[in-house]
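1. below is the sequence, then the predicted model.
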Amino acid sequence: MRRTPVVASRILSDLTGHEVRLKCENLQRTGSFKPRGAYNRIARLDAEQRAHGVVAASAGNHAQGVAWAASQVGITSTVFMPVGVSLPKLVATKAYGATVHLVGNTVDEALKSAREFAERTGATLIHPFDHLDIVAGQATLGTELLQQMPDVGTIVVPTGGGGLLAGVAAAVKLSKPDIRIVGVQAEGAAAWPASLKAGHPIALESMSTMADGIAIGLPGSVPFDHVQGWVDDVVTVSEDALSRALVLCIERAKLIVEPAGAAAVAALMTHSAEELGLTGSVCAILSGGNIDPLLLTHVITHGLRAGGRYLAVRVTISDRPGGLTGVLGVVRDAGASVVDVVHSRTGGRLGLEEVDVMLTVETRGPDHRGSVLDALGAAGYAVHVEN
């Protein structure tokens, strides 16, 4: 395991009014915090258990963590992954030494096959979060952080099944109970708020989020007691916030993170210091950096648009020479850069001599975005903003 660095973030410090640092688990072995728990769990297996190997089900980070940990201990690993798993995650899991089977369309379906494999072969099932040894392994992150930031007052943690949140909370609160711990979930996969209110894990009926690393529909029963007892609050963040946070990490911290890994940064960007109850120096944990390059491109575009950096509009112009030049001249004079132009003459509402032009332009932020729209309207163009 690597001792991952803690780096300062001036932009988040200025935004929150607190010194903010980032704990870079995206630079951990296999690209996420997962090997901490997986290694602790696997290293504690006895000789008979090791002889039968280990098995896991995952679509990404846990698969790689188990494969790497098993290779370090010198035992075999088998991983069941959904058929639609991204190619980079599949290749990486195999490269760490696992035998991979593609089964079903979801992690739940893959987990069913993993359980059947464990019963048939005697392999030990390595759960991603619902085991004390996994929670204890994730707790090493909290212990390490206290050594690196002894003055930390608040720790913000991306949260899915609860293993990382429970581990960090246990390690920190047992040593320094006054430190505030805040978990962060994606709005579209937020099982913890309702579960904590009810006093027991409650399963979500459905989930929808780009943050697949924390898209867990049912909190773990093992970490639940730790979270309930030691975590001060759990908040949620939107998809726009996640994509904007990812862009900020790339632009300002020069760090590649996955949407789930940027959840703590998203919380600091969209919740006030008072809402989060920030106290003292703040640490936001970047829990992972494994993201498919194609998804990264999509999320960056989404983040730029959410941050007012991209503007997509449909403008109806005259289908005569000079019509396109006129609208582009307005955009130019407003100081925006054209990214893409698409003509359409087939809209049912268009007149005989009209054409729709789809413009995508790069702007400098929300205020400049508004100025471009005002300029187009002042020039007499009917403008429809595209989502």
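-> Cool, got the structure.

2. chain neighbours aside, what residue packs nearest to residue 263?
-> residue 158 (3.9 Å; C-beta to C-beta, 6 or more residues apart in numbering). Every residue, glycine included, has its C-beta placed from N, CA and C.

3. tell me the contacts of the one you found?
-> Counting by C-beta atoms under 8 Å, 6 or more residues apart in numbering, residue 158 makes contact with 164, 183-184, 211, 213-214, 260-264, 285, 287.

4. tell me the mean pLDDT for stretch 92-110?
-> On average, the pLDDT along stretch 92-110 is 91.

5. quick one: buried residues of it?
-> For stretch 92-110, the neighbour count (16 or more other C-beta atoms under 10 Å) marks 92, 93, 96, 98, 100, 103, 104, 107, 110 as buried.

6. turn the residues you listed into JSON lines, including secondary structure and distance to residue 141.
-> Shown next, in JSON lines, are these (DSSP: H, G, I helix; E, B strand; the rest coil; distance: C-beta to C-beta, whole Å):
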{"residue": "92", "secondary structure": "helix", "distance to residue 141": "21"}
{"residue": "93", "secondary structure": "helix", "distance to residue 141": "22"}
{"residue": "96", "secondary structure": "coil", "distance to residue 141": "20"}
{"residue": "98", "secondary structure": "coil", "distance to residue 141": "23"}
{"residue": "100", "secondary structure": "strand", "distance to residue 141": "27"}
{"residue": "103", "secondary structure": "coil", "distance to residue 141": "31"}
{"residue": "104", "secondary structure": "coil", "distance to residue 141": "31"}
{"residue": "107", "secondary structure": "helix", "distance to residue 141": "23"}
{"residue": "110", "secondary structure": "helix", "distance to residue 141": "26"}
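
7. and those, which two are the farthest apart?
-> With C-beta to C-beta as the measure, no two of the buried residues of stretch 92-110 lie farther apart than 96 and 104, at 21.8 Å.

8. strands of the stretch 201-350 of the chain, residue ranges please.
-> For the stretch 201-350 of the chain, the strands defined by DSSP state E, counting those that start in this stretch occupy 233-237, 281-286, 310-318, 337-344.

9. okay, the angle between the third one and strand 337-344?
-> The one in question is strand 310-318. With axes from the mean of the first three to the mean of the last three C-alpha atoms, to 10 degrees applied, the angle from strand 310-318 to strand 337-344 works out at 50 degrees.

10. quick one: strands adjacent to strand 310-318?
-> Strand pairing for strand 310-318, determined by DSSP bridges: strand 354-362 (antiparallel), strand 383-385 (antiparallel).

11. return the most buried member of those.
-> strand 354-362 (a mean of 18; mean count of other C-beta atoms under 10 Å).

12. what packs against the next helix-or-strand element following that one?
-> Going down the chain from strand 354-362, the next helix or strand is helix 366-378, by DSSP states H and E. Counting by 3 or more C-beta pairs under 8 Å, 6 or more residues apart in numbering; DSSP states H and E, the packing neighbours recorded for helix 366-378 are strand 310-318, helix 323-333, strand 383-385.

13. contact partners for the nearest residue to residue 373 once chain neighbours are set aside?
-> Taking C-beta to C-beta, 6+ apart as the measure, residue 373 lies nearest to residue 383, with 6.3 Å between them; neighbours along the chain are not counted. Neighbouring residues of residue 383 by C-beta under 8 Å, 6+ apart: 313, 314, 315, 373, 376, 377.
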